[in-house]
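1. the sequence and its predicted three-dimensional model are supplied below.
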Amino acid sequence: QVQLVESGGGLVQAGGSLRLSCAASGIIFSSYVMGWYRQAPGKQRELVARITSSGDTNYADSVKGRFTISRDNAKNTVYLQMKSLKPEDTAIYYCNALLRGVLVTNDYWGQGTQVTVSS
């Protein structure tokens with residue numbers, strides 16, 4: 001059974017920092033592209049950051065220079081360090097695990113963790 005469990009969300013003032021964690025189980029974690037997505041009220045879910053199995057990263061333009069994604073394959077965990085938070089970063093943050101195979105694509109989601117940034 002695949003599980004992605006996010007933690008670390010909460011309420012923070014603008015300019016503050018939070019670190020999100022996503023612990024994975026039931027998958028060969030090191031093989032997966034891990035991503036963080038977010039969804040604000042009334043908006044579509046969007047990619048925040050992604051890290052490949054080899055450690056390559058990419059970020060949404062809105063978070064470049066403020067957020068850092070990293071992974072610890074020994075702990076089956078992906079992190080999102082968020083700094084200089086803005087009210088517009090308020091959203092539910094979701095962890096994603098993606099593996100595109102030749103015949104099958106595995107795509108898993110966590111339950112989400114709320115991040116609220118007050119002005």
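-> Cool, got the structure.

2. which residue packs closest to Thr77, ignoring adjacent ones?
-> Distances taken as C-beta to C-beta, 6 or more residues apart in numbering place Ala23 nearest to Thr77, at 5.1 Å, with adjacent residues excluded. Every C-beta, even on glycine, is put in place using the N, C-alpha and C of the backbone.

3. which residue packs closest to Asn106, ignoring adjacent ones?
-> Leu99 (4.4 Å).

4. now the host helix or strand of that neighbour: mean pLDDT?
-> Secondary structure assigned from DSSP states H and E places Leu99 in strand 91-100. Mean pLDDT, strand 91-100: 97.

5. next, the buried residues of that strand.
-> The neighbour-count check on strand 91-100 (16 or more other C-beta atoms under 10 Å) flags 91-97 as buried.

6. name the next helix or strand downstream of that strand, please.
-> Next along from strand 91-100, by DSSP H and E: strand 105-109.

7. what's the nearest residue to Tyr37 if we skip its chain neighbours?
-> Tyr94 (4.7 Å).
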